[in-house]
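Student: fold the following for me, if possible:
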Amino acid sequence: MADDLTKRRPQDSSKVNVHEPWEVNWWCGELNCTKAQLVAAVNAVGVSAAAVRRYLGK
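Tutor: Numbers count the residues shown, from 1 in each chain. The predicted model follows:
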């Protein structure tokens, strides 16, 4: 099923998807970080939003 781009947040906000540009933008705004920081966090701890938040100190 394709993402509904009219949605304002990810369908599964428990996981960070760095492969969709609009989700990267949403997560960067949500976590107040850069794309590079977000990608580094996902590479370090995986796609769990809770783990990414902890990694970024949020």
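Student: can I assume Leu56 is in contact with Cys28?
Tutor: No. Leu56 lies out of contact with Cys28 (Cβ atoms under 8 Å); the separation is 10.6 Å. No exception for glycine: its C-beta is placed from N, CA and C like everyone else's.
Student: identify the contacts common to those two.
Tutor: Overlap of the contact sets of Leu56 and Cys28 (by Cβ atoms under 8 Å, 6 or more residues apart in numbering) consists of Leu38.
Student: now the element after the worst-scoring helix or strand of the chain on mean pLDDT, going C-ward?
Tutor: The weakest-scoring helix or strand in the chain, judged by mean pLDDT, DSSP states H and E, is helix 21-31 (a mean of 95). Later in the chain than helix 21-31, the nearest helix or strand by DSSP states H and E is helix 35-45.
Student: so how far is the helix or strand that comes right after that following helix from its chain's centroid?
Tutor: Where DSSP H and E defines the elements, the next helix or strand beyond helix 35-45 is helix 49-56. Here helix 49-56 is found 10 Å from its chain centre; the criterion is Cα atoms, centre = their mean, to the nearest Å.
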